[in-house]
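In: here are the coordinates; sequence isn't available:
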């Protein structure tokens with residue numbers, strides 16, 4: 001059965017999303033970071049909704065022992081991290097995990113990415129309205145041609161948690177955004 005944070009989870013009636021796309025509960029994998037909405041019972045949690053949000057999707061630029069980087073962002077993995085794909089330079093991967101205080105991503109799971117688009121989730125730290133860019137997880141996001149989806153103020157604002165989908169350009173640590181939406185999108 002499914003266990004999240006040490007609690008048994010009944011997901012039989014749950015609606016499950018991965019990065020905003022509906023999936024089956026049977027597609028949930030160990031190491032994925034989940035947000036569960038439901039009711040706590042004596043038997044565990046009866047889930048109504050489960051949201052899985054990856055932290056980062058992209059191409060591995062450099063790989064070493066216990067770490068790699070995507071778009072200049074360091075990613076570290078530990079012996080308990082679930083590694084479902086080979087981590088080599090040039091591989092497209094999706095990373096589930098948490099952001100460390102030093103800006104690195106601590107991976108709980110690394111899997112193969114099937115899309116050419118890359119995605120990153122995080123909190124906006126700065127916005128340059130005139131330059132049509134913002135800072136997110138150490139990346140500069142070019143929003144000049146992005147579609148804004150369900151943003152509270154209709155545009156990116158510092159302190160807002162968002163998910164950005166786009167492509168990395170020729171400049172390191174810069175992403176050309178195609179979509180910018182609330183984290184749950």
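Out: Looks like it arrived, so ask away. What you are looking at is a predicted structure, and each value in this text was computed from that prediction instead of being measured.
In: What's opposite residue 2 in the beta bridge?
Out: Residue 2 has these beta-bridge partners by DSSP bridges: residue 9.
In: For it, give me its contacts.
Out: Residues in contact with residue 2 (CB atoms under 8 Å, 6 or more residues apart in numbering) are 8, 9, 10, 11, 25, 28. For every residue, glycine as well, the C-beta is placed using N, CA and C.
In: next one: residue 10
Out: Contacts of residue 10 by CB under 8 Å, 6+ apart are 1, 2, 43, 44, 45, 46, 47.
In: Of those, grab the buried ones for ChimeraX.
Out: For the buried members of those, the matching ChimeraX selection, counting by 16 or more other CB atoms under 10 Å, is:
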select :2,44,45,46,47
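In: Between the contacts of residue 10, which sits nearest residue 80?
Out: residue 2 (18.1 Å; CB to CB).
In: In helices only, show me the contacts of residue 10.
Out: Among the contacts of residue 10, DSSP state H puts none in helices.
In: Now the buried members of the contacts of residue 2.
Out: 9, 10, 11, 25, 28.
In: List the residues that contact the third one.
Out: Taking CB under 8 Å, 6+ apart as the definition of contact, the neighbours of residue 11 are 2, 25, 28, 47, 50.
In: thought residue 70 was touching residue 58?
Out: Yes - under the criterion of CB atoms under 8 Å, residue 70 makes contact with residue 58 at 3.9 Å.
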